[in-house]
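**Student:** Sequence plus predicted model, see below.
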Amino acid sequence: MPRNKRKPLYSRVYDHGFHDAVYIVPGRSPHLYYRYLCNGGRHVAYSLHIPGGNTNSPIATGRAIEVCRWMRRGESPTAIAALINTWSNAPA
């Protein structure tokens, strides 16, 4: 599916025209994965894979839900990226 046609799992718009979202994206295999994307206009600030496996994994799904909770609470993209990076450096 083309990128511009994907519907986000959750998205928000905040100051200065920036927005961020959690998407389900295809991988190299037939599986789908979660990705956090933050951009403003044409500039992509963050495009991070949410680790823990594919969308069938309870670990990955729980982490994607946690990212959505942080977004709803109004956490900054920098804080969300730091959260995701802690998962990348820890065993699943």
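**Tutor:** In hand now; what should we look at? Residues are numbered from 1 along each chain as shown.
**Student:** Any figure for the gap between residue 45 and residue 76?
**Tutor:** The gap separating residue 45 from residue 76 is 11 Å, by CB to CB, to the nearest Å. From N, CA and C alone the C-beta is placed, and that goes for glycine too.
**Student:** bridging residues for the residue nearest the centre of the chain?
**Tutor:** What sits nearest the mean C-alpha location of the chain, by CA atoms, centre = their mean, is residue 36, with 1.7 Å. Per DSSP bridges, the residues bridged to residue 36 are residue 22, residue 48.
**Student:** And the pLDDT for it?
**Tutor:** pLDDT for residue 36: 90.
**Student:** got it, and residue 43?
**Tutor:** Reported pLDDT for residue 43: 79.
**Student:** In this protein, which helix is the longest?
**Tutor:** helix 58-73 (DSSP state H).
**Student:** Show me what that one packs onto, helices and strands only.
**Tutor:** Contacting helix 58-73 under the criterion 3 or more CB pairs under 8 Å, 6 or more residues apart in numbering; DSSP states H and E are the following elements: strand 10-13, strand 18-26, strand 32-40, helix 77-88.
**Student:** Quick check: pLDDT value at the closest residue in space to residue 32 that isn't next to it in sequence.
**Tutor:** For residue 32, ignoring the flanking residues on the chain, the nearest one in space by CB to CB, 6 or more residues apart in numbering is residue 55 at 4.6 Å. With respect to pLDDT, residue 55 scores 90.
**Student:** Tell me which residues touch residue 55, please.
**Tutor:** Going by CB atoms under 8 Å, 6 or more residues apart in numbering, residue 55 touches 24, 31, 32, 33, 34, 61.
**Student:** hmm, try it at 7 Å
**Tutor:** Contact analysis of residue 55 by CB atoms under 7 Å, 6 or more residues apart in numbering lists 24, 32, 33, 34, 61.
**Student:** Same question for residue 88.
**Tutor:** Neighbour list for residue 88: residue 51 [criterion: CB under 7 Å, 6+ apart].
**Student:** ditto for residue 24
**Tutor:** 9, 32, 34, 55.
**Student:** Many thanks, have a good one.
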